[in-house]
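> pasting the structure only:
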């Protein structure tokens, strides 16, 4: 019986298959079910089984058998379709055609029944069920049943039925205007029943689908353009409906529609594109690509203008805005990012930038007109001001500089005036939020207008004293954003000024930051660090740094002075918090000032290590006395925060010392015992993973200069860390990744130090790498593989002369290592993929070896193997094409860079030069 089923050289015995499936699902003996299970598994794994699917579906009456057949077919489509021979795929397509033909001949009865019901009943539920039936058959219906009968539908069948589309659309528009005027749609939706709302939702789907497929047909003749423009009017009205899902449908279409118009405009000669701005064209379709593009622009100019206002009125909230209106109508600080809103903002911003490029003047005038209505109170509301300012910020970089300057002068002036004349704490918070967002988006304008830049920054300093939730955070974030793009302006003495702005700022520093929280102060200090970094005069730069750090240095000196009298002072929790805050302030400045932070870190370095050592001993003794629970107490957590911040400060300085790479090397010897020795001596729960990342950074920075120090590092961290992380795959996750990052740094830059390890130590290294790339955490596994590759590359330099195999454990001796590796890999993969034959695995391995110097071929060979082996799922598949995806992202970035404004100027880094 089993052999007869397994023989697929002839049509499968369907009754016998039914009996086997019934045995598997039946109540017979365990042996019978197991035997049936094995037969079904063998059939599923047979690569030709899918060819029997149609035969089974046509001849079996057993639902479980049909389900089994469909599972076989699903597996082939998901995993093997592209690997099938072309003739087999064509055979499948032929079968589809046969099934369609069969249905065509039988559909007449279904069609007649549906026509009868639609013409003979007024019952809504029956009409709805009939339409749903037709909808289910649409992709199979012969075209004649659609257009050569009273049935009307909008399907795409080439150009043959274009006139029917036009006729259907014009009749539809006449009927629609008689029951629902376009200007009433938002109110009709808001006040309508669920059925009326569903009608408007379906209208959105109809218009967007029809326009995507058939808009060009309606453009051809003048008499059809009026219904076309009326349809766009309806879709704009639907876009104002207060329903997120409806708006998403509309927005998706508007983005496609505007992009098509923009690309046609953008591909024209520059002179022709410029001449289009006036839109003075003669009606009628004319020859020439440029004139045709102009004609389309003129046709849609009114709709595009209304679309600009739609985007302005409904602009989504950008990520930078922290102040929002909650469900109770209160102005609060945002607590959680809404990813859906951010995606919507990205699409709307892109659409509005295309609209701006199509007509800058109209975009500017609509925004200024709406802003004027905010100023005179005619259209004032939080939402109206928010969406307008978000729209203004979103088109940054899309205008030519002269127009942008003129536009921004008016916008910023009006917003500052609005802030002065408007009363109420919440109102001022909303206006402040919008001022900060807009100015943060236009660094080019601020760099070109010092007085505006100074006014804006001083306004930010005012907002830093505003206690409304979110205002201070946004003021500090915006200050940092502006300084990063305009830093040289603050260290240059401007015309009419007595000193550079940074000097004036440092004089008033204590007053400016008086009302800020610690994390806000850290952002402020990072910003000033960027300013100081732009000063090219070493003497001035060091003087500015000294003045900037005077407040935290005074507090530091006070704490160290008290500790020299009584060490117990450092155990006070308020003092510990002060130490942590001072270190975080230093880290913030180090991150922006880079190597020029050297005078400051030299000042506090030794005292900082002393505090580190003391807190480390305190943590160890507390955990030793209190057990594992002690490590979770607030006191120990606070002490460890100081230790981590100390390590982070040193790592930040070393990492940022690009211009003077050897400057930080002098800090390495003093750290050996306080940091490395402490790590080795501590109990596992008290060891900081940051020690591992710090030394990885140091080795990556100083490379072979660290050769002599590697044995000491190895001795201090290797054995004890491995004992922590190899007990399972879950404990100490931070230590895991940072440990292998450190090992990779050593393998890359200090390979000789690894070679000089003792045999047990070197075996420990190799075992740990082997353990890493078997890890369930992807980033750890990839780090382990990368490290293995680095080590093998280093061995490759001298060549491997010793045999890789154990002569006593192999059946025969190999002629060389390459032969052994080939044979070993074949056996390994054969064990790992039991569903593949030895010949298939051998072919794969030989393909790998022959394509090892051709990376694209090598990758394609692996992809084909994984498809063939059926050992991947849909979510895994994307990693096979990671390089292609990265290349696609880079192409998209280059495309966006070529369109002014599509990448916001505030997001550009190297592309923008601060001068």
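Yep, it's here. Note that this is a predicted model, so its numbers are computed, not measured.

> And the residue nearest to residue 851 when sequence neighbours are not counted, what's its pLDDT?
Residue nearest to residue 851 in three dimensions, not counting chain neighbours: residue 857, with 4.1 Å by Cβ to Cβ, 6 or more residues apart in numbering. For every residue, glycine as well, the C-beta is placed using N, CA and C. Residue 857 carries a pLDDT score of 86 in this model.

> in a helix, that's where residue 857 is, yeah?
Yes. Using DSSP: H, G, I helix; E, B strand; the rest coil, the secondary structure at residue 857 is a helix.

> how much space between it and residue 883?
Spatial separation of residue 857 from residue 883 under the definition Cβ to Cβ, to the nearest Å is 13 Å.

> Looking at the two, which one has more neighbours?
Applying other Cβ atoms under 10 Å to residue 857 and residue 883 shows that residue 857 carries more neighbours, namely 14 against 11.

> measure the more buried one to residue 863 for me?
With the distance defined as Cβ to Cβ, residue 857 ends up 11 Å from residue 863.

> Over to residue 774?
Residue 774 sits at a distance of 23 Å from residue 863 (criterion: Cβ to Cβ).

> do the same with residue 706
In this structure, residue 706 and residue 863 are 40 Å apart, going by Cβ to Cβ.

> more crowded one of these two?
When residue 706 and residue 863 are compared on other Cβ under 10 Å, the one with more neighbours turns out to be residue 706, at 21 against 15.

> dump the residue contacts of that one.
For residue 706, the contacting residues are 668, 698, 699, 713, 749, 750, by Cβ atoms under 8 Å, 6 or more residues apart in numbering.

> For the closest residue to residue 682 other than its chain neighbours, report the pLDDT, please.
Using Cβ to Cβ, 6+ apart and skipping residues adjacent in sequence, the residue nearest residue 682 is residue 620, 5.4 Å away. Looking at residue 620, its pLDDT is 86.

> Can you get me a residue count around residue 620?
There are 18 residues near residue 620, going by other Cβ under 10 Å.

> Would you agree it is in contact with residue 686?
Yes. Contact status for residue 620 versus residue 686: in contact at 5.3 Å, counting by Cβ atoms under 8 Å.

> Where do the helices of the stretch 501-650 of the chain begin and end?
Under the criterion DSSP state H, counting those that start in this stretch, the stretch 501-650 of the chain carries helices at the ranges 501-507, 509-512, 518-533, 538-548, 550-565, 573-593, 598-626, 634-656.

> angle of the third one against helix 550-565?
In terms of direction (axes from the mean of the first three to the mean of the last three Cα atoms, to 10 degrees), helix 518-533 departs from helix 550-565 by 120 degrees.

> Secondary structure element holding residue 12?
Secondary structure from DSSP states H and E places residue 12 outside every helix and strand.

> buried sites along the helix or strand containing residue 125?
Element membership for residue 125 (DSSP H and E) is helix 124-137. By neighbour count, with 16 or more other Cβ atoms under 10 Å as the criterion, the buried positions of helix 124-137 are 130, 134.

> And the average pLDDT for that helix is what?
Helix 124-137 shows a mean pLDDT of 78.

> name the helices or strands packed onto it?
Secondary-structure packing of helix 124-137 (3 or more Cβ pairs under 8 Å, 6 or more residues apart in numbering; DSSP states H and E): helix 86-120.

> Let me see the mean pLDDT of the helix it packs on.
In this model, helix 86-120 has a mean pLDDT of 65.

> Likewise for stretch 778-791?
Taken as a whole, stretch 778-791 has a mean pLDDT of 85.

> how far is that stretch from where the chain is centred?
From the chain centre to the centre of stretch 778-791 is a distance of 24 Å (Cα atoms, centre = their mean, to the nearest Å).

> Pull out the buried positions in it.
Neighbour counts over stretch 778-791 (16+ other Cβ under 10 Å) mark 780, 783, 784, 786, 787, 788, 790, 791 as buried.

> what residues are shared contacts of residue 857 and residue 883?
By Cβ under 8 Å, 6+ apart, residue 857 and residue 883 have no common neighbours.

> immediately after whichever helix or strand residue 225 is part of, which helix or strand?
Residue 225 is located in helix 222-239, with elements delineated by DSSP H and E. Moving toward the C-terminus from helix 222-239, the next helix or strand (DSSP H and E) is helix 244-266.

> List of residues touching that following helix?
Contacts to helix 244-266, defined as Cβ under 8 Å, 6+ apart, come from residues 189, 200-201, 204-205, 207-208, 211-212, 235, 238-239, 241, 273, 276, 293, 296-297, 300, 304, 307, 310-311, 314, 340, 344, 347-348, 350-351, 354-355, 357-358, 899.

> now do 6 Å
Helix 244-266 is contacted by residues 201, 204, 208, 238, 239, 273, 293, 347, 351, 354, 355, 357 when judged by Cβ atoms under 6 Å, 6 or more residues apart in numbering.

> before we move on, back to that, in TSV, list the contacts of residue 706 along with neighbour count and pLDDT.
Putting those into TSV (neighbours: other Cβ atoms under 10 Å; pLDDT from 0 to 100) gives the following:
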residue	neighbour count	pLDDT
668	18	84
698	25	91
699	26	91
713	24	91
749	20	89
750	24	89
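
> So which of those residues belong to strands?
Within those, no residue falls in strands by DSSP state E.

> Which of those fall in helices?
668, 698, 699, 713, 749 (DSSP state H).

> Show me which of those is closest to residue 414.
Out of these, the one with the shortest distance to residue 414 is residue 698. That distance is 53.0 Å, counting by Cβ to Cβ.

> which ones are touching the closest one?
For residue 698, the set of contacting residues under the criterion of Cβ under 6 Å, 6+ apart consists of residue 654.

> any idea how far it is from residue 680?
As defined by Cβ to Cβ, residue 698 lies at a distance of 17 Å from residue 680.

> ranges for the helices of the stretch 651-800 of the chain?
For the stretch 651-800 of the chain, helices defined by DSSP H, counting those that start in this stretch occupy the ranges 668-671, 678-681, 690-702, 710-725, 733-749, 751-755, 759-772, 778-798.
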